[in-house]
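Participant: Here's a sequence, model it:
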Amino acid sequence: MTDARTVSVPRSLEISIRVRFGDTDPYGVVYFVSYFRYFHRGIEEFLRSRGLAPEKTFRNPEEGYGLPIAGASCDFYRPVWYGAELRLLVFVEKIKPKSLTFGFQFYPADGRDLIAQGRATMVAIDRTWKSRVVPEGLLKVLEADPATPSNS
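Facilitator: Below you'll find the predicted structure:
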């Protein structure tokens, strides 16, 4: 596997997020750092929805790999205030031989106007913290259509 794989949005998960007081700045608007915490929560829920335990996926000593986040970015289009409910769409945006990029889109709970969007890239590492190929078993789970039952 040498080329990046593009994964389509249907392999996505939607979760609800209620904005808590601690997620906001002194004006009651969601503080930018909170979006990155929402990213991580989204990745965890995405993994769980695919039958993967996040604690065994982010760091798997038995199989000798880890998946630290090596980069993240977010663009903000509209302010969101304390108490708002958001819909977060989480999906695998890109798969490369040694990395996975998750995409995130935030919408109001009852609307279609994009509030913010971003991405986070996880790099596969071995026990010595050197990059390695993403484990094939993980790729199979992430690339599978969650609506299609597995034959394994």
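Participant: if you skip the residues just before and after it, what's nearest to the residue nearest the centre of the chain?
Facilitator: Taking CA atoms, centre = their mean, the centroid of the chain lies closest to Ile43, which sits 3.3 Å from it. Spatial nearest neighbour of Ile43, excluding adjacent residues (CB to CB, 6 or more residues apart in numbering): Phe102 at 5.5 Å. C-beta coordinates here come from the backbone N, C-alpha and C atoms, glycine included.
Participant: just the strands in this structure please.
Facilitator: Counting by DSSP state E, the chain has strands at residues 5-6, 12-18, 59-60, 65-66, 69-76, 85-96, 99-108, 116-123.
Participant: Out of those strands, flag the one nearest Ala144.
Facilitator: Nearest to Ala144, of all the strands of the chain, is strand 85-96, at 10.8 Å by CB to CB.
Participant: pLDDT averaged over that closest one, what's the number?
Facilitator: In this model, strand 85-96 has a mean pLDDT of 96.
Participant: partners of it, with directions?
Facilitator: Using DSSP bridges, strand 85-96 pairs in its sheet with strand 5-6 (antiparallel), strand 12-18 (antiparallel), strand 99-108 (antiparallel).
Participant: now these in a markdown table, with distance to Ala70 and mean neighbour count?
Facilitator: What follows is the strands paired with strand 85-96, written out as a markdown table (distance: least, CB to CB, whole Å; neighbours: other CB atoms under 10 Å):
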| stretch | distance to Ala70 | mean neighbour count |
| --- | --- | --- |
| strand 5-6 | 18 | 12 |
| strand 12-18 | 22 | 15 |
| strand 99-108 | 7 | 20 |
